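> Need coordinates for the following:
(one chain, ligands or ions: 1)
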Amino acid sequence: MQIVLWDTRQLDVSKDFAGGYGVGQYASGGGFRGQVVRWFYKRDHRPPAMTFAYLTSIFRQLGHEVQYSEDQVPANGDVYVFCPSLITLNLELAAIREVVRQRPAAPILVVGILATTLPEAFADLPVRLIQGEPEQLLWKLDEVLNQKPGPIPVGSIKNLDDLPFPDWDLFEPKKLRIGYDFSQFPTGLIQQSRGCTFTCNYCPYIIIENKTRFRSPESVTDEMRRGMHDYGFRSFKFRDPLFGLDRKRVLRLAELIGNLPRKVQFSIESRIDLLRPETLDLLKSVGLTSITVGIETPDETTLKHYKRAPINDDKQRVFVETCRRLGIRTVAGFMIGFPEDTAQSIKAVLRYAKSVNPTFANFNIVTPYPGTEFFDQAREDIADFDYTKYNVYTPVMRYQHLTHDDVREWHARCYQKYYFRWDWLKENAHLLWPSTRWLGFGRPSVATSKEIEAQAATAPATSQISLPIVQNSSSSCGESRAA
Ligand code: SF4
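I've put the predicted structure just below:
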C-alpha cells in the first residue's frame, strides 16, 4: 500500500511539544529587536513530530510505501495519516475533507492526542481515530483498517524496546537543526522514556497515563549510533518529559554515550530536583549542552494550587548557576496569565526570571489544554474555546484583574525586558558564542558548590541595556504545556 503522512509546518507549529498538542512560535512583536529574534528563529529547521518518523519505520517494516507530504494531498494514497495539533487543526480538517473528496474509499487515520481528547472535532468526518500510541499500528494496522470509521482504542506500547528505530529518511534529516540547544547539526529527536509520574494539573503529558516507561540505555545508544551513521546527526534532543527520573539508567546511559564513536551533543528536559550536580557534571562530560526545565512562577501558592510540587527557590538558582559554570545552557519555562494574575504578580515572575537568569526564558501564557484537570477546574474562566489560538502566546482565559490586551502587553514586555539586559548577556553569552569568553563574558568553568550557593543566596541586581537576543518557544518540563 501507498501510505501518505500528511503534515504542515504552517503557523510555526512544533507538534511534538505540549504533549502532542503542539505549540507555535513567539512572533516577536516587530521593531529591530523583533527582527533580530525572527532572524535567529528562521535559522532553525525543527524536526517533524517523532510520531511520523516512527510510523515511517513501522509502515516500511510492514512492507508498505510511505510518502510524506506537507500541505498537499497526493492523489495516489491508499491510506492517509494525520497527526493534528491544536493550532493547525483547521488545516488538517480541510485536508481531510480534500482526501474524502478525492479518494472517498481511502481509509483516513488520525493519530496523536487530539484523536483521544477531542473526538468531537472529527465527528462529521469518516476517519478512524487511533486512541492510544500510534506505534501500536506495528501490531494493529490490519485490525484498524478492518474497522469502521470512529474511535479505535489501541492502548500503549508495553515494552518500548520492541519498537523499531524512527526512520528520518523522508524528513530531510541533513537540514534538521535546533539552534537554542546546540552548536552542531543536524539534530535528531530521541526518547529514552515516555510519561511522567508527577501531577501538575495543567500538564498534557499526563492526560493519557501518569506513569513512566523506559527504554534500555543500550537500545537508546544503538539508535544514536544509527542516527549518526545514517543521517549524520551530530546532536540529539531527548524528548522525554522527565529525563533523570531513574538515576541508575542515566548513569548507564552516560557511560554508553561516552563510548559512541564520536562525541555528540545532546539536550534533555527535566525537573530541577532530579539532577544532582555530579550527574550534571558527568552528563556534560559526555556531551550535554542544554537542559530545559520548568520554573513556572516563584509563587508557591499558585504552584500548589495547580498541583505542581514546588522546588526551593535557592535550588533553582543554584541549578542554573551550576549549569552555567559547567557550560550547559538552561532553557526555563515561566507561566504568566493565570486567571488570578495581576500586573504585580507578572512583574514578580519577570523579576524572578531575571534573578535566576537562565540562558533562555520562555514566557508562556497559561493555556488550558482539553483533557487536563486544569481545563475542567478553570472551565468558567476560559474566555475562548477556539483551540487554534492555543499556541501558548495568545491569552484565552478570563482574567480577574487584567484584560487580554494587558496580558499580551505584559507577555511582550517580559521577553523584551528579560533578554535586552546587560546581565543576561554577561552571564550567558559565553554559552551561545564561546569565543566571547575572550571578551570577558562568562565566568570560570569550575566552581565549588559552596561558591555557587553563596552567590546564589544573593539575587543579582539587574540593569537594562539594549542587546540582540535569541529566543525560542518551546520548553519542556518547563515546557509550553500549560504554557
Ligand atoms: S509539568 Fe513536568 S513534572 Fe509536571 S506533570 Fe508535566 S512532565 Fe511531569
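> Which residues of the stretch 51-200 of the chain lie near the ligand?
Residues of the stretch 51-200 of the chain lying close to the ligand (Cβ under 6 Å from any ligand atom) are Cys196, Phe198, Cys200. All C-beta atoms are positioned from the backbone trio N, CA, C, and that covers glycine.
> In terms of helix, strand or coil, where does the closest residue to the second one other than its chain neighbours fall?
By that I understand Phe198. Ranked by Cβ to Cβ, 6 or more residues apart in numbering and with sequence neighbours excluded, the top spatial neighbour of Phe198 is Ala309, at 6.5 Å. Look at Ala309: counting by DSSP: H, G, I helix; E, B strand; the rest coil, its state is coil.
> burial count for Ala309?
By other Cβ atoms under 10 Å, 11 other residues sit near Ala309.
> one step back: tell me the one of the residues of the stretch 51-200 of the chain next to the ligand nearest Ile108?
Ranked by distance to Ile108 (Cβ to Cβ), those are led by Cys196 at 30.8 Å.
> Identify each buried residue in the host helix or strand of Phe375, please.
With secondary structure defined by DSSP states H and E, Phe375 is part of helix 373-377. Residues Glu373, Phe374, Phe375 are the ones in helix 373-377 that count as buried (16 or more other Cβ atoms under 10 Å).
> The last one contacts Pro368, doesn't it?
If I follow you right, that is Phe375. Yes. The pair Phe375 / Pro368 is scored as a contact, 4.5 Å apart, by Cβ atoms under 8 Å.
> Give me the common contacts of these two.
Residues touching both Phe375 and Pro368 by Cβ atoms under 8 Å, 6 or more residues apart in numbering: Ile382.
> Tell me the span between the first and last residue of stretch 128-148.
7 Å (Cα to Cα, to the nearest Å).
> Show me how the record splits the chain into domains.
For the chain, automatic domain parsing gives the domain ranges 2-158, 196-234+243-458.
> okay, those domains in TSV with distance to Lys175 and mean pLDDT next?
Formatted as TSV, those follow (distance: least, Cβ to Cβ, whole Å; pLDDT from 0 to 100):
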stretch	distance to Lys175	mean pLDDT
domain 2-158	5	93
domain 196-234+243-458	10	91
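> closest to Phe185 out of those domains?
Nearest of these to Phe185, taken as Cβ to Cβ: domain 196-234+243-458 at 6.1 Å.
> For the stretch 301-450 of the chain, which segments count as helices?
For the stretch 301-450 of the chain, the helices defined by DSSP state H, counting those that start in this stretch occupy 313-326, 343-356, 373-377, 404-419, 422-432, 449-457.
> Which stretch among these approaches Asn259 most closely?
Set against Asn259 and scored by Cβ to Cβ, the helices of the stretch 301-450 of the chain come closest in helix 313-326, at 21.1 Å.
> if we can go back for a sec, out of the residues of the stretch 51-200 of the chain next to the ligand, which are inside helices?
Among those, no residue falls in helices (DSSP state H).
> Distance check, the residue in the stretch 201-350 of the chain positioned nearest to the ligand against Asn210.
Relative to the ligand, the nearest point of the stretch 201-350 of the chain is Cys203 (3.1 Å; Cβ to the nearest ligand atom). Cys203 is 10 Å from Asn210, where distance means Cβ to Cβ, to the nearest Å.
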